[in-house]
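> Turn this into a model:
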Amino acid sequence: MIDRRGSAARDLLAVLALLAATLAVYWPVTGFEFVFYDDNAYVFENPRVARGLTAEGIAWAFTHYHAANWHPLTWLSHMLDCELWGLDAGRHHLTSLLLHAGNGALLFAVLRRMRGAFGPSLVVAALFALHPLRVESVAWVAERKDVLAGFFGTTTLLAYAHYARRPAAGRYLLVAGSFALGLLAKPMLVTLPFVLLLLDAWPLERIGPRTLTAGRAAFPRRPLGALALEKVPLLVLAALSSLATLLVQQASGVVRTMDALPLGARLANAATSYVYYLAKTIWPTDLAFFHPHPALYDPAGFAPLGWRPVGAALVLAALTAAVLLARRRRPWLAVGWLWYLGTLVPVLGLVQVGEQAVAERYAYLPLIGIYLAVAFGLAELAARRPGVRLPFAAAAGLALAALAIATRAETRHWRDSVALFERAIAVTEKNYVAHLNLGYLYQFHRRPPRRIEARREYLLAAAIRPEDLRVNYNLGLLYRDEENVSEAIRCFENVRRVQPDLPDVHRELGALYDRIGDPTLALHHFEEAVRLAPAAAEHHSNLARLRRQRGDLPGAAAEYREAIQRRPAMTAERLELAACLEALNDHAGAAWQYRELLRLVPGSGPAAARLAWLLATSHDDAVRDGVEALGIARALAAAEADPAPEILDALAAALAETGNFDEAVRREREALERADPPRRAEYRGRLELYLSQRPFRR
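Below is the predicted model:
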């Protein structure tokens, strides 16, 4: 019988209490920062998201993948937050918290509608809302996809309860639409059609002859085959989502091959993962944002047939056998257990994505099955023994209060990046990712950089994964900044040997070999950087600079042109190109570059001075223009209280070109007095020309 005694007022009070408790427990997250682990890629360093809701951003969300995922609805959610709040991290956290609180209330409504039992439904919803295993999904902005998929997952269940009571095409469309939106938020929901089939068995009790159960406002029954057929459209949506996800993750290079992680290791980790989440449900300690996969981080110490995976498999087999044997008398045990087993399948590492063994966020929806089995099991026990109802209720209240306190304490580890990474290092072993990210934080996001701490973390990461490219690359940058050239070269060469097609590595090696006076190797690496990334202006600029140093002026000019073509605002490169063209006697080309530079940067002193000199002294009659040169040079000299000798030299040349030799002599003498010793011979030579009433020609 469905329990109809719970009034609407009581339900409303329960929902309000649940919402208030959830908000109170998690409220500190609204004052937390973004963290430098996915939050940057998802929000504050993602320009498409940070700009808010734009037509371009919406199109990108549906047509591109990023961070190894395709979840357009999640991107739109982040864009909406940025549209409303900008990059106020607290408001982004608040959105996630409100979604999670709403998910708890929706779960309560779903169970009340499906079964009607007030107490067990409230316990399930409270366990879901207040358990410490939810912290990662709520306090991590990048895990918006969890709470968003949870929202559409619970609305799908609510729509299904509505449909199951009186099946109709319009009601089914609500189910399918909500499910599709959930998949667009996170493909973890692909197993939801199987959950609906479990719910058909209990609590909906839809499986059976096409009749109504007497004495209750039952859901219409249908044969199992018909109910399975009913789920086919949903399974098609799930299959499409699974295919899209697999293709995106393979294209992103995050799917581990069987060579890297054999099937035995995957099955062993799957078995231990099931037991891990159960254990953390009972005793939620030592939670962390990343748990290293032992077969990847400690392959020598990982045994697929060791006592942990074998023991876990035996525990799973025993529990499965027990709940299946009791399925007729206590169907909630089988439904809850199979819910848990089935919904975890996509994230057990059978298809290994990334390097984690487990992640608390993966249990966001699967553990509802365990809560369901426990809450309704205790309710059944209390119903058979009325004398224990009050003690059971008191024990449940105390357990929930303890969980809420533990959850509140757990949230503090997410307050900022340092706290997050240090917590992971403290409670896990060989956490390479935590050391690497903490080092990255110290190196690039502390002002001034804390290099000693950064080096310490990188070296700890290198002790775990000495061959890893990221730690070697970051260490190379750190040693480069510390002027430790030999160590920097060693680190970058380590990266190059493993992955020789990274243009940034060749750029760094080119600069380092140039610094130690090995132009041959420097040229080789700069050329490789250009070959691998021909669209990168910086690589062309580096190659141009080195070619100019080696006297290859045509080659240098060609590379400077390539750099400027890709980034027209490169002012230093344009000035260098003009100098190369002058040296190659292409005075017309040099003059054009100087004029273009002055157009881009009005008032550029170096460009104006060089242009004035060129116009005054060029051998090319089509370029030489003494009047214009004189105007430019006079303006430059007047703008400075103590003009540089180069400006005075250019002014003297322009004066001589226009026939004003007396002032040209005076200005050249001023330049000679202020010139550095290496330039004085040039100035004396020009002074003699002006004294003899002749202009200077190059």
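> Could I get the full set of helices for the stretch 301-450 of the chain?
307-325, 331-343, 367-384, 389-411, 417-427, 432-444 (DSSP state H, counting those that start in this stretch).
> now do the stretch 551-698 of the chain
Secondary structure of the stretch 551-698 of the chain (DSSP H, counting those that start in this stretch): helices at 553-566, 571-583, 587-600, 605-617, 626-638, 645-657, 661-674, 677-691.
> who does the third one touch, helix- and strand-wise?
Applying 3 or more C-beta pairs under 8 Å, 6 or more residues apart in numbering; DSSP states H and E, one finds that helix 587-600 makes contact with helix 571-583, helix 605-617. C-betas here are computed from N, CA, C, even on glycine.
> Now do the last one against helix 587-600: the angle between them, please.
Think helix 605-617. 150 degrees (axes from the mean of the first three to the mean of the last three C-alpha atoms, to 10 degrees).
> by contact count, what packs against helix 605-617?
For helix 605-617, the packing partners by 3+ C-beta pairs under 8 Å, 6+ apart come out as helix 571-583, helix 587-600, helix 626-638, helix 645-657.
> Buried deepest among the helices of the stretch 551-698 of the chain, which one?
Highest mean neighbour count of those: helix 645-657, a mean of 26 (counted as mean count of other C-beta atoms under 10 Å).
> Let me know the angle separating that helix from helix 605-617.
Orientation check (the same axes, to 10 degrees): helix 645-657 against helix 605-617 gives 30 degrees.
> Return the alpha-carbon coordinates of helix 645-657 using PDB.
This file holds the C-alpha atoms of helix 645-657, laid out as PDB (Å, rounded to 0.1, in the frame of the first residue of the first chain):
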ATOM      1  CA  PRO A 645      72.800  61.800 -30.500                       C
ATOM      2  CA  GLU A 646      71.000  59.600 -33.100                       C
ATOM      3  CA  ILE A 647      68.200  62.200 -33.300                       C
ATOM      4  CA  LEU A 648      70.700  65.100 -33.700                       C
ATOM      5  CA  ASP A 649      72.600  63.100 -36.300                       C
ATOM      6  CA  ALA A 650      69.400  62.600 -38.300                       C
ATOM      7  CA  LEU A 651      68.500  66.300 -37.900                       C
ATOM      8  CA  ALA A 652      71.900  67.300 -39.200                       C
ATOM      9  CA  ALA A 653      71.600  65.000 -42.200                       C
ATOM     10  CA  ALA A 654      68.100  66.400 -43.100                       C
ATOM     11  CA  LEU A 655      69.500  70.000 -42.700                       C
ATOM     12  CA  ALA A 656      72.300  69.200 -45.100                       C
ATOM     13  CA  GLU A 657      70.000  67.500 -47.600                       C
END
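> What helices and strands are in contact with that helix?
Here helix 645-657 touches helix 605-617, helix 626-638, helix 661-674, helix 677-691, going by 3+ C-beta pairs under 8 Å, 6+ apart.
> Among those helices, which comes closest to N46?
helix 605-617 (36.7 Å; C-beta to C-beta).
> residues in contact with the closest one?
With C-beta atoms under 8 Å, 6 or more residues apart in numbering as the test, helix 605-617 has contacts from 575, 578-579, 582, 587, 590-591, 594-595, 597-598, 601, 623-626, 628-630, 632-633, 635-636, 644, 646-647, 649-651, 653-654, 656-657, 695-698.
> quick one: average pLDDT of it?
Confidence for helix 605-617, expressed as mean pLDDT, is 94.
> got it, and stretch 476-496?
96.
> go on, stretch 128-142?
Stretch 128-142 shows a mean pLDDT of 98.
> now the end-to-end length of that stretch.
Start and end residues of stretch 128-142 are separated by 20 Å (C-alpha to C-alpha, to the nearest Å).
> Kindly report the same for stretch 460-475.
Start-to-end, stretch 460-475 (C-alpha to C-alpha) is 12 Å.
> again, but for stretch 249-257
Its first and final residues considered, stretch 249-257 spans 12 Å by C-alpha to C-alpha.
> Off-centre distance for it?
Distance of stretch 249-257 from its chain centroid, counting by C-alpha atoms, centre = their mean, to the nearest Å, is 16 Å.
> Tell me which residues of that stretch come out buried.
Within stretch 249-257, the residues that count as buried by 16 or more other C-beta atoms under 10 Å are 249, 255-256.
> Residues contacting whichever strand or helix holds A251, please?
A251 belongs to helix 232-252 when assigned by DSSP states H and E. With C-beta under 8 Å, 6+ apart as the test, helix 232-252 has contacts from 65, 68-70, 175-176, 179-180, 183, 187, 189-193, 196, 255, 346, 351, 353.
> Sort out for me which of the residues you listed are in helices.
175-176, 179-180, 183, 192-193, 196 (DSSP state H).
> quick one: which of those residues is nearest L204?
Closest to L204, out of all of the ones in helices among the contacts of helix 232-252 and judged by C-beta to C-beta, is L196, at 9.0 Å.
> shouldn't that closest one be in contact with A228?
No - the criterion here is C-beta atoms under 8 Å, and L196 misses it with A228 at 10.2 Å.
> can you list the helices and strands packed on helix 587-600 in CSV and add distance to R165?
Shown next, in CSV, are these (distance: least, C-beta to C-beta, whole Å):
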stretch, distance to R165
helix 571-583, 71
helix 605-617, 78
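> Please name whichever of the ones you listed is nearest to L436.
helix 571-583 (34.0 Å).
> Quick one: work out the angle between that closest one and helix 605-617.
Interaxial angle, helix 571-583 versus helix 605-617 (the same axes, to 10 degrees): 20 degrees.
> distance between stretch 255-267 and the chain's centre?
Mean-position distance between stretch 255-267 and its chain equals 25 Å (C-alpha atoms, centre = their mean).
> Looking at the helices and strands packed on helix 645-657, spot the one closest to L84.
Ranking those by their distance to L84 (criterion: C-beta to C-beta) puts helix 605-617 first, at 45.0 Å.
> Buried residues, the helix or strand harbouring H540. List them.
Following DSSP H and E, the helix or strand that holds H540 is helix 537-549. By 16+ other C-beta under 10 Å, the buried positions in helix 537-549 come out as 537-548.
> what stretches of the stretch 501-650 of the chain score poorly on pLDDT?
Along the stretch 501-650 of the chain, no part satisfies pLDDT under 70.
> what do you get if the cut-off is 90, keeping everything else the same?
Across the stretch 501-650 of the chain, the ranges flagged by pLDDT under 90 are 569, 602-606, 639-642.
> Over to the stretch 151-300 of the chain?
Within the stretch 151-300 of the chain, the stretches with pLDDT under 90 are 208-219, 253, 259-260, 296-300.
> so what's L111 up against?
With contact taken as C-beta under 8 Å, 6+ apart, L111 is in contact with 117, 120-121, 124-125, 203, 372.
> Farthest-apart pair in the residues you listed, please.
Of all pairs in the contacts of L111, the most separated under C-beta to C-beta is A125 and P203 at 14.5 Å.
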